[in-house]
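Visitor: the sequence and its predicted three-dimensional model are supplied below.
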Amino acid sequence: MRAPWVLASLIACQAAPDGLTEDPAPPICGYTYQRPTCLPCAAPEPFAPWAEGGVRVDDFGAAGDGDRWDHQAIQQAIEAAGEGGTLIFTGGKTYTVCQPLSPLSGQTWTRDGDAPATLRRCDPPAVTLTAGVLAGDTRLPVDHPERLEVGMWVSPVRAGAGTFFDGEGLMHHPVLEVFPDAIRVWNGLEQDYPAGAIVVPSFALVTVKGDDVTLEGLTFDGNRGGNDAFVSWGRHSSLAVGMDTERCHVHHNRFLDSQGDALTMQGHNAEVDHNLFEDLNGSAIHLSWSEDVGIHHNTLRRTNLKAASVQHAEGAITWSLNNKRMEVEDNCVEEVEVPAFADVMLHGGNDGVVLRRNAVCHTGGVLHVYNISTEPVATELIVEENRAIDAGDLIVAGVAPISGLSVEGNRVHNGAIALQRVEGAVVRGNTVEEVRVRDGGAPLIWLAGCPSALVEDNTLFGGRYGVAVSAWQGTASDWTQVRGNSALQQLNYALITGTEGYLDAEGSELTGVVADDNVLCSSVLGKRDTLVHLGRGSVLARSCVTSNAGGVALHGNPEPRDHGGSLVLSCTLQADGELFPLQRPYVHDLTLSGNTLSSPLREPLASGQDEDANRVAPDAGCDEAISASR
């Protein structure tokens with residue numbers, strides 16, 4: 001049962017996505033461990049520039065010199081190209097933009113030549129409030145209104161740390177009129193601002209409002225260094241795909257230096273592929289109210305540099321609410337201090353999210369999903385065949401239960417898979433390796449309050465704890481199966497079935513938890529008494545348990561109870577020392593039946609154990625079973 005999946009996982013790692021490589025190491029506990037290392041993410045494949053036809057923005061007066069404002073000339077070219085037309089930017093030029101641009105339906109924006117064509121956010125003009133304004137005001141008295149234009153989106157900014165809260169973080173304010181001593185904006189301000197507050201452009205470089213728009217081969221420069229007085233995840237994106245737009249295609253572009261998020265997506269049937277996202281204040285991609293979006297073959301590097309300041313930039317790719325059928329496949333994420341993928345809401349019905357074949361290196365987490373609602377959430381979330389190296393943990397947790405999770409075929413190096421309040425989860429065929437001991441250590445796979453889960457055919461290597469099945473705040477992990485796993489080179493518990501935290505809690509129990517056909521092997525550095533802990537109501541069956549450190553402890557319950565003990569059935573138990581050292585006075589309601597016991601220092605079994613049906617075989621061991629797991 002075990003042989004095919006372990007061999008397949010090793011072969012798959014050799015063909016991992018860009019960003020991963022392997023270093024061989026000698027076998028330990030029968031498992032040939034290959035230490036992975038990160039390689040730089042490969043750049044997206046080259047873009048073939050537009051060769052013929054189309055409307056050139058230069059013909060309408062766009063200078064592209066990186067100095068003069070070009071947005072008015074570009075807007076004229078957009079209108080001249082018309083719906084279904086093609087807009088061409090000249091390669092090697094930088095077009096400065098100080099108000100949002102919007103493609104018409106059916107338009108393609110592209111470049112000619114091999115050199116980048118760049119749309120760059122302008123440096124903010126020096127404009128200051130001459131008097132204080134209040135929330136709800138639309139007339140803003142300023143010292144240099146002539147430096148602003150009708151159509152600009154602006155925000156006052158109070159002196160501060162340059163965060164989301166220092167300006168109009170949620171509302172946009174288009175300029176409707178320019179007076180000799182003031183400007184008038186379209187809608188009222190969110191908050192008060194004092195005299196002396198600056199007024200800056202606050203807008204998305206490009207806003208897609210029509211259908212069938214293609215953006216290809218362009219560079220979007222957010223000029224975050226010149227726009228650091230105030231940052232907002234949504235107001236300052238480089239590209240915003242609007243609500244209910246259809247079939248937007250964003251490919252072979254570069255998103256650099258974004259002031260907020262690089263791309264905010266609310267469209268349907270959109271494709272985002274072969275783009276580079278690099279050096280961003282916020283997320284590379286932020287999705288809400290989107291449907292049928294594909295995110296493929298992108299490179300994400302050093303995103304979320306000011307995640308706390310821009311707000312709502314929890315992951316390199318963040319999805320918040322009401323997203324349906326989203327595929328995130330074959331991307332490479334590296335050098336990010338937050339998780340590569342994050343959903344911290346789940347309050348708005350996200351469903352049908354697939355994370356597949358992504359490579360993640362040196363991030364603050366692989367995946368963080370939190371249901372902050374008090375209502376249960378049913379969502380299809382598939383996480384499979386991803387490779388994560390020094391990327392932190394894969395966490396799915398909820399205040400109320402989450403259902404519909406599948407985590408299969410992933411390799412996580414120096415990270416863990418942790419599920420909390422997830423019902424019916426499938427955790428299958430993953431490899432979790434070499435978790436460095438942090439904060440006392442945590443299980444490599446930990447199910448806390450996760451009933452009816454299946455933990456099957458996983459390889460766990462190194463770390464302090466292997467598989468832990470426990471309760472969480474009154475929710476037990478009942479009817480969970482731990483089957484066909486190999487937990488190898490564990491410093492402490494290779495298998496824990498407890499009821500609160502890692503161990504038993506007074507007044508509660510597990511029901512129907514079965515650990516079947518597993519291989520459990522301790523580190524040579526492991527403790528003598530802590531390889532397996534069975535909480536009451538648990539069964540360990542047909543497994544191989546071997547301690548290289550000199551002891552195997554199969555804990556029953558800390559004290560006698562009336563609601564059922566633990567059972568060890570048809571296992572091979574092997575130790576270099578005592579099979580049950582130190583803990584014998586505390587073992588109760590633990591039944592051993594039909595097992596093979598092997599220990600040169602074996603002592604009589606503790607009280608409450610049935611040894612009549614067990615076989616003592618000093619030469620028996622787990623070598624054959626462990627070898628079969630390779």
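Guide: In hand now; what should we look at? Residues are numbered from 1 along each chain as shown.
Visitor: can I take it that residue 342 is in a strand?
Guide: Yes: the assignment for residue 342 by DSSP: H, G, I helix; E, B strand; the rest coil puts it in a strand.
Visitor: in space, what's closest to it - neighbours in sequence excluded?
Guide: When the adjacent residues along the chain are set aside, residue 342 lies closest to residue 315, with 2.8 Å between them (Cβ to Cβ, 6 or more residues apart in numbering). Quick note: C-beta positions are derived from backbone N, CA and C, even for glycine.
Visitor: doesn't the one you found lie inside a strand?
Guide: No: checked against three-state DSSP, residue 315 lies outside a strand; its state is coil.
Visitor: separation between it and residue 161?
Guide: Summarising the geometry, the distance separating residue 315 from residue 161, computed by Cβ to Cβ, to the nearest Å, is 23 Å.
Visitor: more neighbours: the two, which one.
Guide: residue 315 (30 against 12; other Cβ atoms under 10 Å).
Visitor: just checking, the more buried one touches residue 366?
Guide: No: shown here, residue 315 and residue 366 do not form a contact pair, counting by Cβ atoms under 8 Å, at 9.8 Å.
Visitor: help me confirm that residue 615 comes into contact with residue 597.
Guide: Yes: using Cβ under 8 Å as the test, residue 615 is close enough to residue 597 to be in contact (6.9 Å).
Visitor: between these two, point out the one with more neighbours.
Guide: Residue environment comparison for residue 615 versus residue 597 gives the larger neighbour count to residue 597, 22 against 12, counting by other Cβ under 10 Å.
Visitor: that one pairs with what?
Guide: Here residue 597 sits in beta bridges with residue 573, residue 616, going by DSSP bridges.
Visitor: contact partners for it?
Guide: Taking Cβ atoms under 8 Å, 6 or more residues apart in numbering as the contact definition, residue 597 lies against 573, 579, 614, 615, 616, 617, 620.
Visitor: report the mean confidence score over stretch 450-457.
Guide: Averaging the model's pLDDT scores along stretch 450-457 yields 94.
Visitor: list the buried residues in that stretch.
Guide: 450, 451, 453, 454, 455, 456, 457 (16 or more other Cβ atoms under 10 Å).
Visitor: before we move on, what about stretch 89-97?
Guide: For stretch 89-97, burial by neighbour count (16+ other Cβ under 10 Å) applies to 89, 90, 91, 93, 94, 95, 96, 97.
Visitor: quick check, the fourth one in contact with residue 118.
Guide: Yes: the pair residue 93 and residue 118 qualifies as a contact (Cβ under 8 Å) at a distance of 7.2 Å.
Visitor: tell me the contacts of residue 137?
Guide: Shown in contact with residue 137 (Cβ under 8 Å, 6+ apart): 188, 189.
Visitor: quick one: it from residue 164, how far?
Guide: In this structure, residue 137 lies at 20 Å from residue 164, with Cβ to Cβ as the measure.
Visitor: please apply the same query to residue 328.
Guide: 25 Å.
Visitor: how close does the residue lying closest to residue 314 once chain neighbours are set aside get to residue 622?
Guide: Distances taken as Cβ to Cβ, 6+ apart put residue 342 closest to residue 314, at 3.9 Å, once the chain neighbours are dropped. Shown here: residue 342 relative to residue 622, a distance of 40 Å by Cβ to Cβ.
Visitor: cool, residue 138 as well?
Guide: Taking Cβ to Cβ as the criterion, residue 138 is separated from residue 622 by 76 Å.
Visitor: more neighbours, those two?
Guide: Shown here are residue 138 and residue 622; by other Cβ under 10 Å, residue 622 has more neighbours (25 against 15).
Visitor: how about that one, what does it touch?
Guide: Residue 622 is in contact with 519, 521, 544, 545, 546, 572, 574, counting by Cβ under 8 Å, 6+ apart.
Visitor: can you redo those as CSV with neighbour count and secondary structure?
Guide: Supplementary listing: those in CSV, determined by neighbours: other Cβ atoms under 10 Å; DSSP: H, G, I helix; E, B strand; the rest coil:
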residue, neighbour count, secondary structure
519, 27, strand
521, 28, strand
544, 23, strand
545, 27, strand
546, 25, strand
572, 22, strand
574, 24, strand
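Visitor: nearest to residue 130, of those?
Guide: Residue 130 has its nearest neighbour among these in residue 521, at 74.6 Å by Cβ to Cβ.
Visitor: need the pLDDT of the closest residue to residue 470 other than its chain neighbours.
Guide: Beyond its immediate neighbours in the sequence, the residue positioned closest to residue 470 (Cβ to Cβ, 6+ apart) is residue 498, lying 4.5 Å away. Looking at residue 498, its pLDDT reads 74.
Visitor: what's the burial count for residue 498?
Guide: For residue 498, the neighbour count with other Cβ under 10 Å is 25.
Visitor: cool, and residue 186?
Guide: A count of neighbours around residue 186, defined by other Cβ under 10 Å, yields 12.
Visitor: do you know how far the closest residue to it other than its chain neighbours is from residue 154?
Guide: Once flanking residues are discounted, residue 186 sits nearest to residue 174: 4.6 Å by Cβ to Cβ, 6+ apart. Here the distance between residue 174 and residue 154 works out to 8 Å (Cβ to Cβ).
Visitor: which neighbours do these two share?
Guide: Contact criterion Cβ under 8 Å, 6+ apart; residues shared by residue 174 and residue 154: residue 185.
Visitor: between those two, who's got more neighbours?
Guide: Between residue 174 and residue 154, counted using other Cβ under 10 Å, the more crowded position is residue 154 (26 against 15).
Visitor: quick one: average pLDDT of stretch 381-396?
Guide: Average pLDDT, stretch 381-396: 93.
Visitor: helices of the stretch 1-150 of the chain, residue ranges please.
Guide: With DSSP state H, counting those that start in this stretch, the ranges of helices along the stretch 1-150 of the chain come out as 3-14, 71-81.
Visitor: circling back: kindly indicate the member of the contacts of residue 597 with the most neighbours.
Guide: The most neighbours, when these are compared by other Cβ under 10 Å, belong to residue 573, which has 29 neighbours.
Visitor: so that one makes contact with residue 596?
Guide: Yes: taking contact to mean Cβ under 8 Å, the distance of 7.0 Å between residue 573 and residue 596 places them in contact.
Visitor: how close does residue 570 get to residue 72?
Guide: Using Cβ to Cβ, one gets 80 Å for the distance from residue 570 to residue 72.
Visitor: just residue 258 next, same as before
Guide: Distance, residue 258 to residue 72, using Cβ to Cβ: 23 Å.
Visitor: tell me which of those two has more neighbours.
Guide: Counting neighbours by other Cβ under 10 Å for residue 258 and for residue 72 shows that residue 258 has the greater number, 33 against 16.
Visitor: dump the residue contacts of that one.
Guide: 220, 222, 224, 236, 237, 238, 279, 280, 281, 282.
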